[in-house]
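A.B. asks: make a model of this:
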Amino acid sequence: KDTKISAPDDFKGEASKVQEFITSYELYFAANPEKCKKDEKKIIFALSYMKGDTAGAWKTVFLDKVNGPEEDSDDEE
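C.D. replies: Numbers count the residues shown, from 1 in each chain. Next up is the predicted model:
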């Protein structure tokens, strides 16, 4: 029977909670190896839990590097 592990809590970028954030994801990935076989899936999964100004901004910067920045429809040509 599979071990049930709770999904990690959202991470808002608090420096005091970085180790807790990392540990919770390591535990989740160890308990669910079939869901997170590739590093890309691990990154996307972790990014989905990054919220708020600090962590959300880091997520946006990371995604812009991977996908390129989104075009703003209000930009002048």
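
A.B. asks: what helices and strands are in contact with whichever strand or helix holds Leu63?
C.D. replies: Assigned by DSSP states H and E, Leu63 belongs to helix 52-67. Contacts defined by 3 or more C-beta pairs under 8 Å, 6 or more residues apart in numbering; DSSP states H and E place helix 52-67 against helix 39-47. Just so you know, the C-beta spots here come from the backbone N, C-alpha and C atoms, and that holds for glycine as well.

A.B. asks: list the buried ones in the helix it packs on?
C.D. replies: 42, 45-47 (16 or more other C-beta atoms under 10 Å).

A.B. asks: who are the packing partners of that helix?
C.D. replies: Using 3+ C-beta pairs under 8 Å, 6+ apart, helix 39-47 sits against helix 18-31, helix 52-67.

A.B. asks: now those helices as JSON lines including distance to Phe11?
C.D. replies: Below are the helices and strands packed on helix 39-47 laid out as JSON lines (distance: least, C-beta to C-beta, whole Å):
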{"stretch": "helix 18-31", "distance to Phe11": "5"}
{"stretch": "helix 52-67", "distance to Phe11": "5"}
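
A.B. asks: report pLDDT for the spatially most central residue of the chain.
C.D. replies: Centrality entry for the chain: nearest residue to the mean C-alpha point is Leu47, 1.5 Å, by C-alpha atoms, centre = their mean. We have a pLDDT of 86 for Leu47.
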